[in-house]
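**Student:** From the sequence below, what's the structure:
(2 chains, ligands or ions: 1)
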Amino acid sequence: MSAYETIIGLEIHVQLLTETKIFCACRNQFEAETSTNTCPVCLGMPGSLPVLNKKAVELACRFILAVGGDINTTSVFARKNYFYPDLPKGYQISQHELPLGKSGTIRVETDDGTSGVKLQGIHLEEDAGKSFHLEDSSNIDFNRCGTPLLEIVTMPVIKSAHEAYLFLNRIRQIVQYLEISSGDMEKGALRCDANVSVRPEGQHEYGIRTEVKNLNSIRYVEKALSYEVNRQINLLEQGGFVVQETRLWDENNNRTVTMRTKEESPDYRYFPEPDLPPMKLDNEWLEEIRDAIPELPHQKIDRFVREYSIPQYDAAVLTSTVNLADYFEQTAKLCKNPKQVSNWIMTEVMKTMKDEKSDPEDLKVSPKNLAGLINNIENGTISGKIAKEIFAEMAFTGKESDEIIAARGLQQITDKKVIEQAIKQVLSENPANLKRYFDGQEKLFGYFVGQVMKKTEGKASPHLVNQILKDKLDGRKA
Amino acid sequence: MAISSEEVRKIAWLARLRFEPDEIEKYKEDLSKILDYFKILDDIDSSGIEFTKSANSAPLRDDIPYQSLPKVEALKNAPAVKDGMFNVPKVI
Ligand SMILES: [Zn+2]
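**Tutor:** This next block holds a predicted model:
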């Protein structure tokens, strides 16, 4: 099989976290009781007029400025005409020729370094109603109709299904960091369509592309795009050709299926929205928005690597959410060894959060208490193994580690005499294993260590047990 | 400006309207007349005038919720109502 190059461009829709809809003052809460957040504007009644929501514009500008895009201080809304029952006006108010934002770059950490995905355009538009398909009819809830959407379109520069997944993940993270959207794909707050093409390596022209829709879960994105890439390569390998069309991801059968061909593609007849004059933005306001932009995920990753000397992998995990990153920083500031903090958060803390389906804020182990526990290990008061038990109790009760250690007498045994005594007992209780050890089964060393730990209820310093046991056995051997 | 039968058929499809053959002839004439009427605008010298140059910006509204329609009112214009939603012929 010859080598192929994959080219993917993504179109992402992000629901913005405003109180009200984009063109009317109905609440932006589409999960409310059906048909309770609608009015003549969002129901498309004749004679009603749209009025732009300032907050939606602000959130859109926050994103554009955060990713280094340019804002068109004059932008134009346009009508995108098509018929679908979830769109009561018969057109969607969107932006076309002069969108709010253009260019900008999103950094993604890939397996072999970082890549910068360039954006083509970023614009505002309104969401449609939500359809529920029944046996022989469809229900439409217009609560969602008019929810502000930010559409982000990338250049065709993404080189694999995996990179597309990483990119989408990063977009989700950025909108959460910027507090402009929940970014929840399962709830439709973040949706994604993709343009996919392949071409033989070295070929200059792009291959024929297909559009893949319905990538509505972060889990499906990589799977669906891999499927589509392989489907196209197989077609070309068998001497066939790719047909330009729109395909749907069929999650039940793990494949993409034809939705409509190019001939059936809609003619949207975009034209400037007569009900809305061009939107003109004030530079001073844009500067205020720019000044309020928080540190972004990739900036946090770089800073964590620099300030705490932890691996990039750790930094990427710890910065997955702002709350987790804050939790790490608050803990690390109270400890000498940030890598140890990172290890604890990536294992015990994240496991507990996953089990409890909780956020760092809800965790009963505060950063101060986690730091206390880690410092107990670092200064030899307890072993790492006992620390895990203590952590479990901390997570359950919210107590400090010192309190639990004192109450349960869990201080690590560092008294060499006590450890020697335990070793002596273990060896005398296991003459057969001892003989086998001297006969060459050196793996039994670990068994003896385990027995000593058991005898001391896990409290002996593993470091000292190893050291003393080795001295003792080496002494006997000689 | 003459419009072809083909164009009338396309426009009808885009508006989801079905025309009989004699109607197509009629709309060919009507639509051509409408376009001719717009030709009056050609006499205006609009050189150097961009529509984005209008003095006013689209007004921006504060993000404050206002009373929506009562559910009963909202559903009054639905062709049919089911489960408290607009019920329409099956799509997809
Ligand atoms: Zn409304």
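
**Student:** Can you point out the helix or strand that includes residue 37?
**Tutor:** Going with chain A. Using DSSP states H and E, A:Asn37 maps to neither a helix nor a strand.

**Student:** not what I meant, chain B
**Tutor:** Going by DSSP H and E, B:Tyr37 is part of helix B:21-38.

**Student:** Give me the contact list for the helix or strand hosting B:Glu6.
**Tutor:** Per DSSP H and E, B:Glu6 falls inside helix B:5-14. Residues outside helix B:5-14 that contact it (Cβ atoms under 8 Å, 6 or more residues apart in numbering or on different chains) are A:Asn81, A:Asp267, A:Arg269, B:Arg18, B:Phe19, B:Ile24, B:Glu25, B:Tyr27, B:Lys28, B:Leu31. (Glycine included, C-beta is placed from N, CA and C.)

**Student:** Can you name the next helix or strand after the helix holding B:Tyr37?
**Tutor:** Defined by DSSP H and E, the subsequent element after helix B:21-38 is strand B:60-61.

**Student:** Is that following strand in proximity to chain A?
**Tutor:** Yes - judged by Cβ under 8 Å from any Cβ of the partner chain, strand B:60-61 comes into contact with chain A through B:Leu60, B:Arg61.

**Student:** and that strand, is it in reach of the ion?
**Tutor:** No - on the criterion Cβ under 5 Å from the ion, strand B:60-61 is out of touch with the ion, staying 12.0 Å away.

**Student:** Buried subset of the contacts of helix B:5-14, written for PyMOL?
**Tutor:** Here is the PyMOL command that picks out the buried ones among the contacts of helix B:5-14, judged by 16 or more other Cβ atoms under 10 Å in any protein chain shown:
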select buried, (chain A and resi 81) or (chain B and resi 19+27+28+31)
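
**Student:** Looking at the contacts of helix B:5-14, which is nearest the ion?
**Tutor:** Nearest to the ion out of the contacts of helix B:5-14 is A:Asn81 (Cβ to the ion; 20.5 Å).

**Student:** my guess is that closest one meets A:Tyr91, correct?
**Tutor:** Yes - using Cβ atoms under 8 Å, A:Asn81 is in contact with A:Tyr91, at 4.5 Å.

**Student:** Please name the residues that touch the residue nearest in space to the middle of chain A.
**Tutor:** Against the mean C-alpha coordinate of chain A, by Cα atoms, centre = their mean, the closest residue is A:Asn169 at 4.5 Å. Neighbouring residues of A:Asn169 by Cβ under 8 Å, 6+ apart: A:Ile218.

**Student:** pLDDT value on it, please?
**Tutor:** Note on A:Asn169: pLDDT of 95.

**Student:** would you say it is within a strand?
**Tutor:** No - with DSSP: H, G, I helix; E, B strand; the rest coil as the criterion, A:Asn169 is helix rather than part of a strand.

**Student:** A:Asn323 against A:Glu361, yeah?
**Tutor:** Yes - with contacts counted by Cβ under 8 Å, A:Asn323 reaches A:Glu361, the gap being 5.9 Å.

**Student:** Of those two, give the one with the bigger neighbour count.
**Tutor:** A:Asn323 (15 against 8; other Cβ atoms under 10 Å in any protein chain shown).

**Student:** Now the more buried one: which helix or strand?
**Tutor:** helix A:322-332.

**Student:** ok, the residue of chain B found nearest the ion - contacts?
**Tutor:** Scanning chain B for the residue nearest the ion gives B:Ser68, at 6.1 Å (criterion: Cβ to the ion). By Cβ under 8 Å, 6+ apart, the residues touching B:Ser68 are A:Cys26, A:Arg27, A:Thr36, A:Asn37, A:Thr38, A:Cys39, B:Ala74.

**Student:** Would you list the phi and psi of the closest residue in space to A:Leu17 that isn't next to it in sequence?
**Tutor:** Excluding the flanking residues, the one nearest A:Leu17 by Cβ to Cβ, 6 or more residues apart in numbering or on different chains is A:Ser181, at 5.6 Å. Main-chain dihedrals, A:Ser181, degrees, to the nearest 10: phi -160, psi 160.

**Student:** Show me the one in the contacts of B:Ser68 that has more neighbours than the rest.
**Tutor:** A:Thr38 (31 neighbours).

**Student:** My read is that it contacts A:Asn143, right?
**Tutor:** Yes - shown here, A:Thr38 and A:Asn143 form a contact pair, counting by Cβ under 8 Å, at 6.7 Å.

**Student:** residues contacting A:Gln451?
**Tutor:** A:Val426, A:Glu429, A:Asn430.

**Student:** Check which helix or strand it maps to.
**Tutor:** With DSSP H and E as criterion, A:Gln451 is part of helix A:444-455.

**Student:** Report the buried residues of that helix.
**Tutor:** A:Leu444, A:Phe448, A:Val449, A:Gln451, A:Val452, A:Met453, A:Lys455.

**Student:** for chain B, which spans come out with low pLDDT?
**Tutor:** B:52-55, B:92 (pLDDT under 70).

**Student:** what's the residue closest to the geometric middle of it?
**Tutor:** Note: chain B centre (Cα atoms, centre = their mean) maps to B:Ala15, 8.4 Å.

**Student:** follow-up on the earlier one: list every C-alpha atom in the helix holding A:Gln451, with coordinates, as PDB.
**Tutor:** Written as PDB, here are the backbone C-alpha positions of helix A:444-455 (Å, rounded to 0.1, in the frame of the first residue of the first chain):
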ATOM      1  CA  LEU A 444      12.600 -14.600  47.900                       C
ATOM      2  CA  PHE A 445      14.200 -11.500  49.100                       C
ATOM      3  CA  GLY A 446      11.000  -9.700  48.300                       C
ATOM      4  CA  TYR A 447       9.000 -12.300  50.200                       C
ATOM      5  CA  PHE A 448      11.100 -11.700  53.400                       C
ATOM      6  CA  VAL A 449      10.600  -8.000  53.000                       C
ATOM      7  CA  GLY A 450       6.900  -8.500  52.700                       C
ATOM      8  CA  GLN A 451       6.800 -10.700  55.800                       C
ATOM      9  CA  VAL A 452       8.700  -8.100  57.900                       C
ATOM     10  CA  MET A 453       6.300  -5.400  56.700                       C
ATOM     11  CA  LYS A 454       3.400  -7.600  57.700                       C
ATOM     12  CA  LYS A 455       4.900  -8.300  61.100                       C
END
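
**Student:** Tell me how far it lies from the chain's centre.
**Tutor:** The chain centre lies 42 Å from the centre of helix A:444-455; the measure is Cα atoms, centre = their mean, to the nearest Å.

**Student:** I'd like the next helix or strand past that helix.
**Tutor:** Past helix A:444-455, the next helix or strand by DSSP H and E is helix A:462-477.

**Student:** Can you list the residue ranges for helices in the stretch 151-300 of chain A?
**Tutor:** For the stretch 151-300 of chain A, the helices defined by DSSP state H, counting those that start in this stretch occupy A:161-177, A:218-237, A:283-291, A:297-308.
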